[in-house]
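What follows is a predicted protein model with its sequence.
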Amino acid sequence: MRIITFFFIVFFQIAIAQENTSEIHKDLHSFIQSQNDKDFDKTVSYLPMEVFEIVTRNQLILEMEQSFNNPQIDVKLDSPRVHKIDSIGLIDNKYYSTITYSFNTKVKFLNAKREFKEYSSEQMDLILDELKEEHGSENVSYNEESKYLKIYSVHKAYAISLDGKLDWKFLTLEENQKPFYEKVLPQELIPN
């Protein structure tokens, strides 16, 4: 009987963990889609509250609008592909999980009339070289027919929740941001 009870408990814990990670997955997709839809009010709702102690919600929305609503650039984000969701742990009354995900960013340069802006082959080669240096040559391509640059990128982020089940917030981990992370994350989660 003990063996049956033990297996039931293990199975129940695995089922709960899978349900919680599926909520992380769902919320991550909504977070990325809100950026694609340029619904920046919704985008910032997926950020942890500690971020707004450093930059106001309105200031962050304004910066997103300026970046994504640039009339000379058309940006599209593909749905993210989740590679890994680590186990959920409790630290300082919040639940955290590290997630690794990737997506393609498609970029097209436009002129003032929102038409494709033609670049010389030398100019396009310079743009491609710069992007390949930053993201790796295997992660950058140019589609001559659609005129979109495609950049594949892999990201790590913390998924953060008050109850460990719903309403996940995301904090993408980027290089050279340690002073920022020291203000918004528990000490044990600050990347080196």
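On my side now, so go ahead.

Strands of this structure, residue ranges please.
Assigned strands in the chain, in chain order: 73-77, 81-85, 89-91, 94-109, 140-143, 148-161, 169-173 (criterion: DSSP state E).

okay, now the residue nearest to residue 27 when sequence neighbours are not counted: neighbour count?
Using C-beta to C-beta, 6 or more residues apart in numbering and skipping residues adjacent in sequence, the residue nearest residue 27 is residue 168, 4.1 Å away. No exception for glycine: its C-beta is placed from N, CA and C like everyone else's. Neighbour count for residue 168, taken as other C-beta atoms under 10 Å: 27.

Residue 103 now?
Residue 103 - counted by other C-beta under 10 Å - has 18 other residues nearby.

so how far is residue 134 from the nearest residue to residue 164 once chain neighbours are set aside?
Nearest non-adjacent residue to residue 164, counting by C-beta to C-beta, 6+ apart: residue 95, 3.3 Å away. Look at residue 95 and residue 134: by C-beta to C-beta, to the nearest Å, they are 33 Å apart.

likewise residue 60?
24 Å.

How about stretch 118-135, which residues are buried there?
Going by neighbour count (16 or more other C-beta atoms under 10 Å), the buried part of stretch 118-135 is 124, 127, 131.

Which of those residues sits closest to residue 33?
residue 131 (23.9 Å; C-beta to C-beta).

ok, and the closest non-adjacent residue to the closest one?
Nearest to residue 131 is residue 140, by C-beta to C-beta, 6+ apart, at 4.6 Å.

Correct me if wrong: the one you found contacts residue 148.
No: using C-beta atoms under 8 Å, residue 140 is not in contact with residue 148, being 11.5 Å away.

Which stretches in the protein count as helices?
Per DSSP state H, the chain carries helices over the ranges 2-36, 40-45, 57-68, 121-135, 178-184.

So for residue 51, which of the ones you listed sits nearest?
helix 178-184 (6.0 Å).

Just the buried positions in that closest one, please.
Buried residues in helix 178-184 (16+ other C-beta under 10 Å): 180, 181, 184.

where's it relative to the chain centroid, distance-wise?
How far helix 178-184 lies from its chain's middle: 18 Å, per C-alpha atoms, centre = their mean, to the nearest Å.

I figured residue 107 hits residue 146, correct?
No: using C-beta under 8 Å, residue 107 is not in contact with residue 146; the gap is 11.1 Å.

When these two are compared, which one has more neighbours?
residue 107 (16 against 11).

Against residue 154, how distant is the more buried one?
From residue 107 across to residue 154, the span is 18 Å (C-beta to C-beta).

Understood, closing this out.
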